[in-house]
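[1] I would like the atomic coordinates for the input below:
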Amino acid sequence: MSRAVAPAGTVLTGALLGATMSVLLMLPGLAAPAGAGALLFLVVFLLWPWTVLPVGILGGAVAGGLVSGGDVRTYVAAHLLLLTAGVVALALRRWLGLDVEGRRTLADTGMLAVVGLTVVAAGYGLAVGNLPTEVVVAGYQIVILPMYFFLATHTLTTRRRLVAAGLLYLVVTAVLTGLSMTAPGRHGGLLTLLAVPPLIWVAGRVRGWRRVAAVLLAGFLAADVLLASYRGIWLAAGVTVLVMLVFGGRTVRSGLAATAAAGILVAGLLAVNSGVRERAQEIGTGLQQSAGYRGTESTVGLDVFAGRPVLGAGLGQSTTDIYLADFAFTDVGPVYHAFYVTLLANVGLVGLGLVLWPILRAVRAGLSHRDGPAVPFAALCCGFLAAALFAAPTDGHWELGLLPALALLTLPARPHPAAGTGAVPPARRPVPAVWR
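    Have a look, this model is predicted:
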């Protein structure tokens, strides 16, 4: 876009946004605040594209929790509304000539294959008679991975954007955790767990007051993970720490040791609070609870997979009139309380392989630099791959799309083949260095 066209496009875009806001405020019910909020964040994303992911993750969780009242569909809708605003903002920035292309990574082809898998499996599911609404539900569980992946590679394109997004995420997460730390009955730990391993790496790399701040914040957030009363999060955290110990270098292990000491100190300070003690007492109760109907659901999904192991039963498959102890007779599927069962039942072994291919490539690359900033993200990815055996979050396993992208974006930049030869590389080929 030429310089003469860009200002005109900016003015036109501003006028359209203002007119749209006026119309949205006249909508009935929740549609008015939802539409106005989405438009407001669209403007924010237009100005600062690096805010898309931190706002999408945290804003979706907050808005979903406040509005949904426990309804999964409303929660997912609130989550997707912000992400959709981010996608539209990126498209507008490209139209206005404000952005360059996103970062290219070795997992791009694999994630594009996951998008293709979703489209083909959805068509197959509709062709065999699966309900369209169920096809959409199952498709969301898969396509959310490449959606987060490409949002990361197209918004966090420089080191400055990565750092800014990380700081925004840390600040808001710390505030939210502080407000809810003493609230009995609170579960979760997902948002805080995502922040702890990168802080561990920072703690092992910096010195002085910055190290003290990093280890204290990591210890505080780790306490929230421990108090989460969510077995899937505990499993993810345990595997993450183990991977960092095995594959991390001196920097990572130094950060782990400092954070462990800080965690003990923070836990001792928090133990005097009655709300924290009550949350701690709930851990034993949570461990004594059975898996309920989850085992039965997984068994049904594995039976579907056994009947069609290669390609699955198509997106949106479900089995009718299954007896569950807490629900009597009900329909089971297409989403089960185990991510891999969901994949096997809906898209079979072929789909499972296609989904895992780009994730495992990113993990392997991230763990290859023992002291690099990619290690915590690759380790987190391993943790959530393990937790996915049992966990089925309401808003999908988006972390398995985000973490591979962050692992690849924080790798050291590869030297261009033409470097040192005196040759000038083509203008469109070089990939900007994100982490030096």
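[2] could you use CA atoms for every contact and neighbour count after this?
    Will do.
[3] so the residue lying closest to Val135 once chain neighbours are set aside: helix, strand or coil?
    Nearest residue to Val135, sequence neighbours excluded (CA to CA, 6 or more residues apart in numbering): Gly316, at 3.8 Å. Following DSSP: H, G, I helix; E, B strand; the rest coil, we place Gly316 in the coil state.
[4] which ones are touching Gly316?
    122, 125, 130-139, 333-334, 346 (CA atoms under 8 Å, 6 or more residues apart in numbering).
[5] from these, which has minimum pLDDT?
    Least confident by pLDDT among these: that is Gly333, with 69.
[6] filter the contacts of Gly316 down to the buried ones, ChimeraX style.
    To isolate the buried members of the contacts of Gly316 in ChimeraX, using 16 or more other CA atoms under 10 Å:
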select :122,125,130,134,135,137,138,139,333,334,346
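[7] where in the stretch 251-400 of the chain is pLDDT low?
    By pLDDT under 70, the weakly predicted segments of the stretch 251-400 of the chain are 274, 280-282, 284-293, 321, 323-331, 333, 392-395.
[8] residue boundaries of the helices in it?
    For the stretch 251-400 of the chain, applying DSSP state H, counting those that start in this stretch gives helices covering 274-288, 294-307, 339-366, 374-387, 399-409.
[9] CSV for those, including distance to Ala203?
    Formatted as CSV, these follow (distance: least, CA to CA, whole Å):
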stretch, distance to Ala203
helix 274-288, 26
helix 294-307, 39
helix 339-366, 19
helix 374-387, 12
helix 399-409, 18
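[10] looking at these, which is closest to Val43?
    helix 399-409 (23.0 Å; CA to CA).
[11] the closest one vs helix 374-387, what angle?
    160 degrees (axes from the mean of the first three to the mean of the last three CA atoms, to 10 degrees).
[12] same for helix 399-409, what does it pack against?
    For helix 399-409, the elements it packs on are helix 132-155, helix 339-366, helix 374-387, judged by 3 or more CA pairs under 8 Å, 6 or more residues apart in numbering; DSSP states H and E.
[13] of all those, which one is nearest Val52?
    Nearest of the helices and strands packed on helix 399-409 (CA to CA): helix 132-155, 7.4 Å.
[14] what does the closest one contact?
    So helix 132-155 is in contact with 49-50, 52-53, 87, 101-104, 111-112, 114-115, 118, 122, 125-126, 161, 315-317, 334-335, 346, 355, 396-406, 409, going by CA under 8 Å, 6+ apart.
[15] quick one: the helices in the stretch 1-150 of the chain?
    5-24, 31-47, 52-68, 72-95, 108-127, 132-155.
[16] if you average pLDDT over each of those, which is lowest?
    Among the helices of the stretch 1-150 of the chain, helix 5-24 carries the lowest mean pLDDT, a mean of 48.
[17] one step back: and Leu242, which of the helices of the stretch 1-150 of the chain is closest to it?
    Among those, helix 132-155 comes nearest to Leu242, with 24.4 Å by CA to CA.
[18] tell me the helix or strand right after the closest one.
    Beyond helix 132-155 on the C-terminal side, the first helix or strand identified by DSSP states H and E is helix 159-180.
[19] relative orientation of that next one and helix 132-155 in degrees?
    Here helix 159-180 points in a direction 120 degrees away from that of helix 132-155 (the same axes, to 10 degrees).
[20] from the middle of its chain, how far away would stretch 199-212 be?
    Relative to its chain's centre, stretch 199-212 lies at 25 Å (CA atoms, centre = their mean, to the nearest Å).
[21] show me what the mean pLDDT comes to for it.
    88.
[22] contact partners of it?
    Counting by CA under 8 Å, 6+ apart, residues outside stretch 199-212 touching it are 214-215, 217-218, 250-256, 258-259, 373, 376.
[23] please repeat the previous calculation with a cut-off of 6 Å.
    For stretch 199-212, the external contacting residues (CA atoms under 6 Å, 6 or more residues apart in numbering) are 214-215, 218, 251-252, 254-256.
[24] for stretch 241-253, same thing?
    201, 204-205, 370-371, 379.
[25] farthest-apart pair in those residues, please.
    Going by CA to CA, the pair spanning these furthest: Arg205 and Ala379, at 17.3 Å.
[26] in terms of packing, which of these two has more residues around it?
    Using other CA atoms under 10 Å, the more surrounded residue of Arg205 and Ala379 is Ala379, with 31 against 18.
[27] name the nearest residue to the more buried one, sequence neighbours excluded.
    Closest to Ala379 by CA to CA, 6+ apart is Thr240, at 4.9 Å.
[28] mind checking which helix or strand the one you found is in?
    Assigned by DSSP H and E, Thr240 falls within helix 231-247.
[29] if you average pLDDT over that helix, what comes out?
    90.
[30] so how far is that helix off the chain centroid?
    Distance, centroid of helix 231-247 to centroid of chain: 17 Å (CA atoms, centre = their mean).
[31] please shift the residue numbers so they start at 616 in all later answers.
    Renumbered: residue one is now 616, and that last one reads helix 846-862.
[32] for that helix, buried residues please.
    Along helix 846-862, the positions that meet the burial threshold by neighbour count (16+ other CA under 10 Å) are 846-852, 854-856, 858-859, 862.
[33] just flag the most distant two among the residues you listed.
    Pairwise over the buried residues of helix 846-862, using CA to CA, the maximum falls at Arg846 and Phe862, 24.1 Å.
[34] can you count the residues close to Arg909?
    That count, for Arg909 with other CA under 10 Å as the rule, works out to 16.
[35] chain neighbours aside, what residue packs nearest to it?
    Closest to Arg909 by CA to CA, 6+ apart is His952, at 5.8 Å.
[36] swap in Gly1016?
    The nearest residue in space to Gly1016 (CA to CA, 6+ apart) is Leu760, at 4.0 Å.
[37] measure Leu995 to Leu707 for me?
    33 Å (CA to CA, to the nearest Å).
[38] for the closest residue to Leu958 other than its chain neighbours, grab the count of nearby residues.
    In this structure, Leu958 finds its nearest non-sequential neighbour in Leu967, 5.8 Å apart by CA to CA, 6+ apart. Number of residues near Leu967 (other CA under 10 Å) recorded here: 22.
[39] how about Trp824?
    Trp824 has 8 neighbours, counted by other CA under 10 Å.
[40] Phe1005 versus Gly968, what's the distance?
    To Phe1005, Gly968 is 19 Å away according to CA to CA.
[41] neighbour count: the two, which is higher?
    Phe1005 (21 against 14).
[42] contacting residues around that one?
    Counting by CA under 6 Å, 6+ apart, Phe1005 has contacts Ala953.
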